[in-house]
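[1] the amino acid sequence is not available; the structure is as follows:
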């Protein structure tokens, strides 16, 4: 019997025990039974979803930092950090899956979870070890400890979670659809934020823009529907909506990265002979982007127009003002300082002390420069080794599946490009998640060669053409 077959019995026993315990505690301490059982119901629903659709919590963890400051989640976040709660639930989902593997409830052994992925996992552990070692000599112990904890705790969890939660094509498609639903809600949030913002408020939402760009890549490269006509209609409707949301986020890094991805998609379609599709896509993106900018250019204290002026000045060589000029100064100063401690760097989190003279959250907004400065050649080499392993995995997928999984490679590239402009090692947790997705799909494809893997865990459809792509999406 699979774990799904045990679900009603498991939930029934747990809820019966929790109900009795909660009733006794509420009587003993004089708590409101209504509120107590409301919380119990929420726990029950969460437990049910953790067993039946744990991919929901994987998506929720990605979007929680963008939503938790808005009503009604803000009231919860004031009591307890919503991101940490969801991370704890996600960890619980992994424990449930691990116990299922160990108990053979779904007939997939623990050894199969990481099958064929020892190289990339070992490379990541080497990189994590280099960051950990650098804490021994950092000049920023407080920020360094926070960054190290988040990499080892949150980053590692997001890297390994897909290996447990994404085992079949159906689970991957479920994750993609959930991601698009959350992205649609985020776009609505971004657009409504521009309408309610005051003249002096900052409407820039880099994290939200990053996620919306990922949703656009899913729409462009992953077949959510079996029907080609349905997929086309969905692309024509969803892509302009997501482009408008990305413009509303005022996030230049994700916008530049998505522009490169769209160019890749256009080139591939032209190469395959789908010229009408490529021209239509270019027209849709340009029309929605220009229209969104025209409508929003004066919102948020002319923030949108100012960002465009900064880019124009940057192209013209005038980099004296704006955040773009500030980041160029970050890059120039960091590059000049790296040779001072070339091999081991100055320690995790130390850039804030180097540039600002204080132990606080500050970084050069470039993943590779940050690692080179703080962990030196040791950390940079282990990071490049890890990324090389992922590149080899993507190439392997390209050859084995005739590029049916191009979306994963493009998503990793997108995250790396954004990481060149924004965020620190902790913010790049989304990169670790999509790398974990890539490894999970590689594992699934390799497991198909094992005779003893039951087809109800790896469906027969995945053997003959899992993740099948419509002809106009083939690359």
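    Arrived safely, thanks for sending. The shown structure was predicted, so the numbers you read here are calculated from the model rather than taken from an experiment.
[2] residues near residue 330, how many?
    Using other C-beta atoms under 10 Å, residue 330 has 19 neighbouring residues. Using the backbone N, CA and C atoms, a C-beta is placed for each residue, glycine as well.
[3] quick one: pLDDT of it?
    Turning to residue 330, the model gives it a pLDDT of 94.
[4] hmm, it is touching residue 370, no?
    No: Residue 330 lies out of contact with residue 370 (C-beta atoms under 8 Å); the separation is 9.7 Å.
[5] anything in contact with each of the two?
    The contact sets of residue 330 and residue 370 overlap at residue 364 (C-beta atoms under 8 Å, 6 or more residues apart in numbering).
[6] burial count for residue 290?
    For residue 290, using other C-beta under 10 Å, the count is 12.
[7] which SSE is it in?
    helix 275-296 (DSSP states H and E).
[8] from the contact counts, what lies against that helix?
    With contacts defined as 3 or more C-beta pairs under 8 Å, 6 or more residues apart in numbering; DSSP states H and E, the secondary structure elements packing on helix 275-296 are helix 228-249, helix 252-272, helix 299-315.
[9] try 7 Å this time
    Packing partners of helix 275-296 (3 or more C-beta pairs under 7 Å, 6 or more residues apart in numbering; DSSP states H and E): helix 228-249, helix 252-272.
[10] show me what counts as buried in that helix.
    Residues of helix 275-296 classed as buried: 277, 278, 281, 284, 285, 288, 289, 292, 293, 296 (neighbour count, 16 or more other C-beta atoms under 10 Å).
[11] ok, stretch 172-192 next?
    Under 16+ other C-beta under 10 Å, the buried positions of stretch 172-192 are 172-180, 182-184, 186-187, 189-191.
[12] which residues touch it?
    Residues from elsewhere that reach stretch 172-192, judged by C-beta atoms under 7 Å, 6 or more residues apart in numbering: 53, 55-56, 58-59, 63, 66, 70, 166, 205, 208, 211-212, 215, 218, 222, 224, 241-242, 244-245, 248-249.
[13] rounded mean pLDDT for that stretch, please.
    The average pLDDT within stretch 172-192 is 93.
[14] check stretch 356-373 too.
    Averaged over stretch 356-373, pLDDT sits at 95.
[15] any chance you could list what contacts it?
    So stretch 356-373 is contacted by 140-143, 327, 330-331, 334-335, 337-338, 345-346, 351-353, 355, 379-380, 383, 419-425, 428 (C-beta under 7 Å, 6+ apart).
[16] just checking, which of those belong to strands?
    Nothing among the contacts of stretch 356-373 maps onto strands, per DSSP state E.
[17] can you classify residue 225 as helix, strand or coil?
    Following DSSP: H, G, I helix; E, B strand; the rest coil, we place residue 225 in the coil state.
[18] among the helices and strands packed on helix 275-296, which is nearest residue 123?
    helix 252-272 (23.8 Å; C-beta to C-beta).
[19] what about the closest one, distance to the chain center?
    Centroid separation between helix 252-272 and its chain, computed with C-alpha atoms, centre = their mean, to the nearest Å, is 19 Å.
[20] that helix packs against which elements?
    Using 3+ C-beta pairs under 7 Å, 6+ apart, helix 252-272 sits against helix 206-221, helix 228-249, helix 275-296, helix 406-419.
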